[in-house]
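In: structure for the following, please:
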Amino acid sequence: MTERMRVASTEAGGFVRFWSTGQAVKGEFHCAECSYGVTVYRELPRCPMCGGDSWEQAPWSPFTRALHSQLQ
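Out: Okay, here's the model as predicted:
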């Protein structure tokens, strides 16, 4: 079994903001249904893995990828 690290980002009030397929965005996002990750510079696509249309923006930190690599 592979352990996966998920960094949750929440807005004020403890709610996670969801983005919809077709919205113009820039950044790293994960499918809200299957956690598939994409880096987008224009519009959010439909998830190529599960067909989902809701996305969560990945929290950005210069150390997030380094920490994830250490845990694997």
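
In: so which strand or helix has the residue lying closest to residue 37 once chain neighbours are set aside?
Out: Leaving aside its chain neighbours, residue 37 sits nearest to residue 30 (5.0 Å; criterion: Cβ to Cβ, 6 or more residues apart in numbering). For glycine as for every other residue, the C-beta is placed from the backbone atoms N, C-alpha and C. Per DSSP states H and E: residue 30 is located in strand 27-31.

In: paired strands for the helix or strand just after that strand, with orientation please.
Out: Using DSSP H and E, the helix or strand that directly follows strand 27-31 along the chain is strand 37-40. Sheet pairing here is set by DSSP bridges, and for strand 37-40 it gives strand 27-31 (antiparallel).

In: list the buried residues for the strand it pairs with?
Out: Using 16 or more other Cβ atoms under 10 Å as the test for burial, strand 27-31 gives 29, 30, 31.

In: mean confidence score for stretch 20-33?
Out: Averaging pLDDT along stretch 20-33 yields 95.

In: other residues contacting it?
Out: 18-19, 36-47, 49-50, 52-58, 60 (Cβ atoms under 8 Å, 6 or more residues apart in numbering).
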